[in-house]
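1. Curious how this folds, go ahead:
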Amino acid sequence: ERMVSHSYELARWGMVRPPKQGFCSNYSHMRRLAPAVYDNYYHRVLLGERVLGLPPGAITSAHLAEAKRVLSSLQLVLLSNDAA
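-> The predicted structure is shown next:
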């Protein structure tokens, strides 16, 4: 849902063509426009500003390990897109 929402917003600003049937036909273009949204979003959010601004493709296995450590330190994780 987040990616579709962001895709529509970029289209509204005239930066991309609107997605058809809820998906973007040019993912690599979207990833260049908004890497924080389309490239390892949860890693970036969990690790904060230091990682949020990294360019597309810059997230490494070290970032994954660090994100896992952050997740393991939390007592509760809620999924915002969970239908239940």
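2. Run through this structure and note the low-pLDDT ranges.
-> Residue ranges of the chain with pLDDT under 70: 1-4, 6-7, 10, 13-27, 30, 81-84.
3. Show me the helices in it, by range?
-> Assigned by DSSP state H, the chain shows helices spanning 2-12, 27-33, 35-38, 41-47, 49-52, 61-72.
4. I'd like those as a markdown table, with mean neighbour count appended.
-> Quick note: C-beta positions are derived from backbone N, CA and C, even for glycine. Shown next, in a markdown table, are these (neighbours: other Cβ atoms under 10 Å):
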| stretch | mean neighbour count |
| --- | --- |
| helix 2-12 | 15 |
| helix 27-33 | 15 |
| helix 35-38 | 18 |
| helix 41-47 | 17 |
| helix 49-52 | 12 |
| helix 61-72 | 12 |
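5. how about those in JSON lines, adding distance to Leu78?
-> Output for these, formatted as JSON lines (distance: least, Cβ to Cβ, whole Å):
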{"stretch": "helix 2-12", "distance to Leu78": "15"}
{"stretch": "helix 27-33", "distance to Leu78": "26"}
{"stretch": "helix 35-38", "distance to Leu78": "20"}
{"stretch": "helix 41-47", "distance to Leu78": "13"}
{"stretch": "helix 49-52", "distance to Leu78": "21"}
{"stretch": "helix 61-72", "distance to Leu78": "12"}
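6. Looking at those helices, which is nearest to Leu79?
-> Shortest distance between Leu79 and the helices of the chain, using Cβ to Cβ, is found for helix 41-47: 10.8 Å.
7. Please enumerate residues in contact with the closest one?
-> With contact meaning Cβ atoms under 8 Å, 6 or more residues apart in numbering, helix 41-47 is reached by 2, 36, 51-52, 54, 59, 63-64, 66-67, 70-71.
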